[in-house]
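Colleague: my questions are about this predicted structure, shown below with the sequence.
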Amino acid sequence: MTNTYYEFFCPVKVIAGKAALEHIPYELTGLAAKRPMIVTDKGVRAAGLLDPVIAACEESGLEIISIYDDVPPDSSTTVVRDIAAIYRKEKCDSIIAVGGGSAIDTGKAVNILVSEGGTDIAKYAGAGVLKHPLKPFFVVPTTAGTGSEVTSVAVITDEKKGVKLPFTSSFLLPNAAIIDPRMTLTLPPHITAATAMDAMTHAVESFTCMAKNPLSDAYATAAIKKVSQSLLHVMDNPKDSDGRLELAQASTMAGIAFSNSMVGLVHSLGHATGAICHLPHGLCMSLYLPYVLEYNLETIRQPLGELLLYLEGPEIYAATPASRRAEASISALRKLRDALYKRCQLPRTLKETGKVSEDQLDHIAEMALDDGSIMFNPKEVSLKDARAVLQRAWA
Amino acid sequence: MLAKRIQPLAFQARRLYVELMFQVMGRALQAVSEVDSEVQGEAQALPKGFLFEMMVMPEGAKLIVEHIGNGRFHYHGGSAPRPADVSIKFKHIAHAFLVLSFQEKTAVAFANDRMLVDGDVSYAVRMTRILNRLESFILPKIIAKRAVKEYPENLHLPEKLISAAQIYLKVATHFVQTARA
Ligand SMILES: [Fe+2]
């Protein structure tokens, strides 16, 4: 399964660690930006997460010109147009997205409009439409999971047509991602768990799917090691900022890995389940991960076995015969899920979610089969196969 | 221009091969959509008038088919009546040659960044499944195995032989018709 050819690209400057936010003013002035706009959501503002960002800028004499804090969980073309209008009216010259996947995607899309002009974001949908660099754009993630701060994709809903528009371009990548442990310190337990399992899934899938390559492998294994070592510790000590930083970095590393080597069936099933049953993405990832690995097992035995080292550490890896390591990796992930269930009832089966009925499985399977990430799953998936995996994940 | 002076014949042969394979695939796609219920089932989910294109960047050979309803495809040759809804673009003729000469699986070529997808990804995924089914039909099993991730289990020899014969027959007729026209 080694690739004879691959590409790897990540031009995002990562600014990570204690007092990372205080680097924003310096980095912005380095790009000749003086009038930043913050794009965020109500939850982030209510949690007080904007305060340290604003304080860090004002202390350096950099004024935040405008704050838009009304990004919905599923961002739309209308929201993007409205924010772009404010940006223009206030004569801003750069964007700082503070938040999770939706705020970050919105920031990316707003950056397209304010850089390329116009009010119709749909015009720029698709791959490779953008041909020029955009305005200075910074991302401050407030969840540790999506990895959106290092991906070149944004998804925005077109409300009128009722479709999701994908935007793909390396110009969507932010100039800098600021990873500060203060931003994830107050994440509630179930979100901490679900988002960390999203990061774990990004890393595991990128390491076992078709587009794996030596560079993404290095990021993936490092991310798996960090999540394995820190997640339960953070669940038990939510205020531990070292642990929080470990998870945040793991999320970014896993993001770098999967944006270069893609994901597979876990995400296909997760995207379909999210759309049909409205379950959070991270929860779906955690739920499907072991079942999909079992489905792919014979195709990915070698790489999955290698992951045992990062999931369980050198002693257990060495003590496990090579022929049993792939199964042991799956057991390690199941053990982690059990531990998370004990701490915050993160569901392990579709039944445990209480939000899925068995008669929806056919629909989920059909939708998953049309999901783009299924292309990169190492084993071919038929409708029957997808349905069988869902059945195993049922209870 | 320098490369042209060095290996003109090899380059020309590769270009001709890709053009020919596009023609064979285009005709076979139309033929298989007339006989195979599985392909029809997959294609039925595509909108009527849906245009699918495979092309070599920047302005190389093209394969264009249209879904004309009820799961049937119509092969348009190398020129589209309007912009395609889904386009699979090989970055270079060398990459198209790797895939079309079955040295690199379609899915691997995707994974290796050999080609780009423009348009609705879910339709692109569906078209890839149809192309996989097509390849396992028209190619001898030993070559088909190299071209697709998994050879379909439900494609038993008699069915395959009969259908392949039907398709070859139809492809041949199409060739003759085009040659006459
Ligand atoms: Fe994910």
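Modeller: Yes, it's here. Residues are numbered from 1 along each chain as shown, chains lettered A, B, ... in the order given.
Colleague: going by C-alpha atoms from here, please, whenever you check contacts or count neighbours.
Modeller: Will do.
Colleague: can you give me the buried ones in stretch B:42-54?
Modeller: B:Glu42, B:Ala43, B:Gln44, B:Leu46, B:Lys48, B:Phe50, B:Leu51, B:Phe52, B:Glu53, B:Met54 (16 or more other C-alpha atoms under 10 Å in any protein chain shown).
Colleague: just the element for B:Lys89, please.
Modeller: Using DSSP states H and E, B:Lys89 falls within strand B:86-90.
Colleague: and the helix or strand just after that strand, what other elements does it pack with?
Modeller: Scanning forward in sequence from strand B:86-90 by DSSP H and E, the next helix or strand is helix B:93-100. The contact analysis (3 or more C-alpha pairs under 8 Å, 6 or more residues apart in numbering or on different chains; DSSP states H and E) places helix B:93-100 against helix B:8-35, helix B:106-111.
Colleague: mind running it again at 7 Å?
Modeller: helix B:8-35 (3 or more C-alpha pairs under 7 Å, 6 or more residues apart in numbering or on different chains; DSSP states H and E).
Colleague: what is the helix it packs on packed up against?
Modeller: strand B:62-67, strand B:73-75, helix B:93-100, helix B:157-180.
Colleague: what residues does the shortest one touch?
Modeller: Counting by C-alpha atoms under 7 Å, 6 or more residues apart in numbering or on different chains, strand B:73-75 makes contact with B:Gly26, B:Arg27, B:Leu29, B:Gln30, B:Ser33, B:Ile64, B:Val65, B:Glu66, B:His67, B:Ile68, all of which sit outside it.
Colleague: do the same with stretch A:64-80
Modeller: By C-alpha under 7 Å, 6+ apart, stretch A:64-80 touches A:35-42, A:54, A:92, A:102-103, A:106, A:109-110, A:121, A:156-159.
Colleague: among the residues you listed, which ones are buried?
Modeller: A:35-41, A:54, A:92, A:102-103, A:106, A:109-110, A:121, A:156-158.
Colleague: and chain A, what are its domains?
Modeller: Following the assignment in automatic domain parsing, chain A carries domains at A:13-183, A:189-394.
Colleague: possible to save the contacts of strand B:73-75 as JSON lines with neighbour count and pLDDT?
Modeller: Formatted as JSON lines, the contacts of strand B:73-75 follow (neighbours: other C-alpha atoms under 10 Å in any protein chain shown; pLDDT from 0 to 100):
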{"residue": "B:Gly26", "neighbour count": "25", "pLDDT": "88"}
{"residue": "B:Arg27", "neighbour count": "26", "pLDDT": "86"}
{"residue": "B:Leu29", "neighbour count": "25", "pLDDT": "88"}
{"residue": "B:Gln30", "neighbour count": "23", "pLDDT": "89"}
{"residue": "B:Ser33", "neighbour count": "24", "pLDDT": "89"}
{"residue": "B:Ile64", "neighbour count": "24", "pLDDT": "94"}
{"residue": "B:Val65", "neighbour count": "26", "pLDDT": "94"}
{"residue": "B:Glu66", "neighbour count": "23", "pLDDT": "95"}
{"residue": "B:His67", "neighbour count": "22", "pLDDT": "95"}
{"residue": "B:Ile68", "neighbour count": "18", "pLDDT": "94"}
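Colleague: thinking again about what came up before, which pair of the buried residues of stretch B:42-54 spans the longest distance?
Modeller: B:Gln44 and B:Met54 (19.7 Å; C-alpha to C-alpha).
Colleague: tell me the contacts of residue 49?
Modeller: With no chain named, the answer covers chain A. A:Met183.
Colleague: the intended chain is chain B.
Modeller: B:Glu66, B:His67, B:Ile68.
Colleague: keep only those of the buried residues of stretch B:42-54 that are in strands.
Modeller: In strands, judged by DSSP state E, the following of the buried residues of stretch B:42-54 are found: B:Phe50, B:Leu51, B:Phe52, B:Glu53, B:Met54.
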